[in-house]
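Engineer: predicted model, plus sequence, below.
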Amino acid sequence: MNEKKPTVVWFSAITCNGNTHSLLSSNSSKFELFLKNFDFIYHGSLTIDKSLEDIIKNQEQIDFLLVEGAISSNQKFFTTSNDSTKNILEKLVQKSKYLIAVGSCASFGGIHAKFTQNDDVCGLKDAIEEENKKKLKHPIINLSGCPVHPEWIFQTLFSLKNFKEISLDDEGRPKELYGTLAHHGCTRNEYFEWKIEGNFGQKEGCLFYNQGCRAPMTHSSCNKILWNDINSKTRAGMPCIGCTEVDFPRNNMLETKKNMGIPLEVPLGISKRAYLSISGVAKTFKIDRLHKKLME
Amino acid sequence: MSNLKENKKNNIIENALKLFAQKGFYNTTIPDIAKAMKMSVGNMYNYFASKEELAKFAIKYSTNILADELREVNNMEISSKEKIYIFVRKYLENVQKSPEVIEYFLRVYLSNREVFKQGCEGFLCVGEFVTEVMILLDDGAQKKEFREQEFFPAFGMIMGSLGGFAFLSGENVLDKDLLSYSDAVADNIYRALKYDE
Ligand code: SF4
């Protein structure tokens, strides 16, 4: 393979580095495959001979610019390499072909955007000047998630490398990865169907009605592309907290907001009236098997 | 099903409702219903396989009348308080217009549970109506016009109040015209639900 490998730069803006941890926890053979196919020229947390300044000064093009974390122009609030994240980002974007927001903070501002002391914290889309956006080869890609699944990063990079473009939903997320709901593939679907509620951390029951599970309203493939290749939040008994959606993080994430015992939000695509009427019917069936412990 | 057959079925249900409400479930026979319909007994079975089946259709039919009315009220752009007032009035009008429907509910559905055990478990046959009550309560609580409470106590309070009143009317013990109590009954229900600061 003599072809020049595309370059990848990872810029950490205002972040807890959770997405970096996610990347470094990826399946090792996938990570190797990634390194074989891409030239990973910069990541602030890895031992690499270049500095961020070198990257910015260097004439070389960046093929894929991955950004982790939210962006702010306020230098009193946050600086890195003696500059605001917004300035650095603008400089990097000028040299890049593809811009990928890695994680929910880079995509939509995330938790940092909740700080009331500084109201200019935002995600990439809002941070970049329109004319600079136009210089990119492709609309900005949002890989939301807190953190994002490492496989989603690799899949996106490989798709772009091979096919040059990827189709996105209204929030700029790849449809391939965010087209279905996190509910899709949950091993508890049968409990959901018959409205049998479970408890945090247990193997049995659905976590929608009492535990705040957001999976029926959350676009992600957590239950299809499993974490560590084996598990997901809901499989382990932790409700989905909707971390791939624009409104993340919300308040009281482990609670289902209810009025008079009726959930405020119902699964996407169904009217509340229809949902209430089918749940009422489903509840009337008592399926013994589903009320028992899976293991005594 | 053709409209004609559907109409006929509803006709049978209406007649059966009256007889069930008057004579009770066990004392009413299919020949009685056939006689009221001026139909042959054999033909009756073309519409309903058994008296039990007819009883189950009847409960769906009668609560769906209420469900349709409440759905209409739910879709109005008015306050939850007004909705309660209109709904109570419509309910009492029903009691006056077709007392057999409510009588059937009270005297057959609630008293002959064994008939409805299979095929009408839980909310299966009255689901549409219960759903509308849920929508009414949920909407009111969301708009902070009703206070937050669990569903069943609120549901029981509304239905207990309305059912109880229908019973009083059926027993002919009310001293005034049924509809003249409408606002007072609605007021009681509203006060029990209303949001308190
Ligand atoms: S736990 Fe969540 S994802 Fe699983 S079935 Fe219930 S609602 Fe769906």
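Structural biologist: Looks like it arrived, so ask away.
Engineer: what residues does chain A have near chain B?
Structural biologist: For chain A, the residues in contact with chain B (C-beta under 8 Å from any C-beta of the partner chain) are A:259-262, A:264, A:272-273, A:276-277, A:280-281, A:283-285. The C-beta positions use only the backbone N, C-alpha and C, and glycine is treated the same way.
Engineer: now intersect these with the helices, please.
Structural biologist: Of the residues of chain A next to chain B, the ones assigned to helices by DSSP state H are A:272-273, A:276-277, A:280-281, A:283.
Engineer: any chance of those residues in JSON lines with distance to the ligand and pLDDT as columns?
Structural biologist: Putting those into JSON lines (distance: C-beta to the nearest ligand atom, whole Å; pLDDT from 0 to 100) gives the following:
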{"residue": "A:272", "distance to the ligand": "16", "pLDDT": "95"}
{"residue": "A:273", "distance to the ligand": "20", "pLDDT": "94"}
{"residue": "A:276", "distance to the ligand": "16", "pLDDT": "94"}
{"residue": "A:277", "distance to the ligand": "18", "pLDDT": "91"}
{"residue": "A:280", "distance to the ligand": "18", "pLDDT": "89"}
{"residue": "A:281", "distance to the ligand": "18", "pLDDT": "89"}
{"residue": "A:283", "distance to the ligand": "15", "pLDDT": "89"}
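Engineer: now, of those, which are buried?
Structural biologist: A:272-273, A:276-277, A:280-281 (16 or more other C-beta atoms under 10 Å in any protein chain shown).
Engineer: so what does the residue in the stretch 51-200 of chain A that chain B sits nearest to look like in phi/psi?
Structural biologist: Residue of the stretch 51-200 of chain A nearest chain B, by C-beta to the nearest C-beta: residue A:195 (11.0 Å). The phi/psi pair for residue A:195 (degrees, to the nearest 10) reads phi 60, psi 50.
Engineer: hey, where'd the strands end up in chain B?
Structural biologist: Taking DSSP state E as the test, none of chain B falls into strands.
Engineer: surely residue A:69 meets residue A:10?
Structural biologist: No - assessed by C-beta atoms under 8 Å, residue A:69 is found out of contact with residue A:10, at 10.5 Å.
Engineer: those two: which is more packed in?
Structural biologist: Using other C-beta atoms under 10 Å in any protein chain shown, the more surrounded residue of residue A:69 and residue A:10 is residue A:69, with 29 against 23.
Engineer: for the residue positioned nearest the centre of chain B, give me its contacts.
Structural biologist: Nearest to the mean C-alpha position of chain B, counting by C-alpha atoms, centre = their mean, stands residue B:63 at 3.9 Å. Residues near residue B:63 by C-beta atoms under 8 Å, 6 or more residues apart in numbering or on different chains: B:105, B:125-126, B:128-129.
Engineer: residue of chain A closest to chain B, please.
Structural biologist: For chain A, C-beta to the nearest C-beta, closest residue to chain B: residue A:284, 3.0 Å.
Engineer: now do the contacts for the residue nearest to that residue when sequence neighbours are not counted.
Structural biologist: Closest residue in space to residue A:284, ignoring its immediate chain neighbours: residue B:122 at 3.0 Å, by C-beta to C-beta, 6 or more residues apart in numbering or on different chains. Neighbouring residues of residue B:122 by C-beta under 8 Å, 6+ apart: A:280-281, A:283-284.
Engineer: kindly report the same for residue B:179.
Structural biologist: By C-beta under 8 Å, 6+ apart, the contact list for residue B:179 reads B:89, B:92-93, B:96.
Engineer: again, only this time at 10 Å
Structural biologist: B:88-89, B:92-93, B:95-96 (C-beta atoms under 10 Å, 6 or more residues apart in numbering or on different chains).
Engineer: in helices, which of the residues you listed fall?
Structural biologist: B:88-89, B:92-93, B:95-96.
Engineer: so which of those residues is the most crowded?
Structural biologist: Of all these, the highest neighbour tally under other C-beta under 10 Å goes to residue B:88, namely 26 neighbours.
Engineer: which strand or helix spans residue A:221?
Structural biologist: Using DSSP states H and E, residue A:221 sits within no helix or strand.
Engineer: which parts of chain A are helices?
Structural biologist: With DSSP H, the ranges of helices along chain A come out as A:18-24, A:28-37, A:52-57, A:85-94, A:104-108, A:124-127, A:130-135, A:150-163, A:175-178, A:189-193, A:233-236, A:272-283, A:288-291.
Engineer: and these, which is most packed in?
Structural biologist: Comparing the helices of chain A by mean neighbour count (mean count of other C-beta atoms under 10 Å in any protein chain shown), helix A:104-108 ranks first with a mean of 30.
Engineer: quick one: mean pLDDT over it.
Structural biologist: Confidence for helix A:104-108, expressed as mean pLDDT, is 98.
Engineer: could you give the separation of it from the chain centroid?
Structural biologist: Centroid separation for helix A:104-108 versus its chain: 8 Å, with C-alpha atoms, centre = their mean, to the nearest Å.
Engineer: check which helices and strands that helix sits against.
Structural biologist: Where contact means 3 or more C-beta pairs under 10 Å, 6 or more residues apart in numbering or on different chains; DSSP states H and E, helix A:104-108 is packed against helix A:18-24, strand A:62-68, strand A:96-102, helix A:124-127, strand A:141-143.
Engineer: can you do 8 Å?
Structural biologist: When contacts are defined as 3 or more C-beta pairs under 8 Å, 6 or more residues apart in numbering or on different chains; DSSP states H and E, helix A:104-108 sits against strand A:62-68, helix A:124-127, strand A:141-143.
Engineer: what does it rub up against?
Structural biologist: Here helix A:104-108 makes contact (C-beta under 8 Å, 6+ apart) with A:13-15, A:19, A:67-71, A:101, A:110-113, A:123-125, A:142-146, A:148, A:171-173, A:243-244, A:246, A:248.
Engineer: just the CA coordinates for it, please, in CSV.
Structural biologist: Taking Å, rounded to 0.1, in the frame of the first residue of the first chain, the C-alpha atoms of helix A:104-108 are listed here in CSV:
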residue,chain,number,x,y,z
SER,A,104,-21.7,15.4,22.9
CYS,A,105,-19.8,18.5,24.1
ALA,A,106,-18.2,19.0,20.7
SER,A,107,-21.5,18.2,19.0
PHE,A,108,-23.9,20.3,21.0
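Engineer: reformat the helices and strands packed on helix A:104-108 as TSV; add mean pLDDT and distance to the ligand.
Structural biologist: What follows is the helices and strands packed on helix A:104-108, written out as TSV (pLDDT from 0 to 100; distance: least, C-beta to the nearest ligand atom, whole Å):
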stretch	mean pLDDT	distance to the ligand
strand A:62-68	98	27
helix A:124-127	96	28
strand A:141-143	98	21
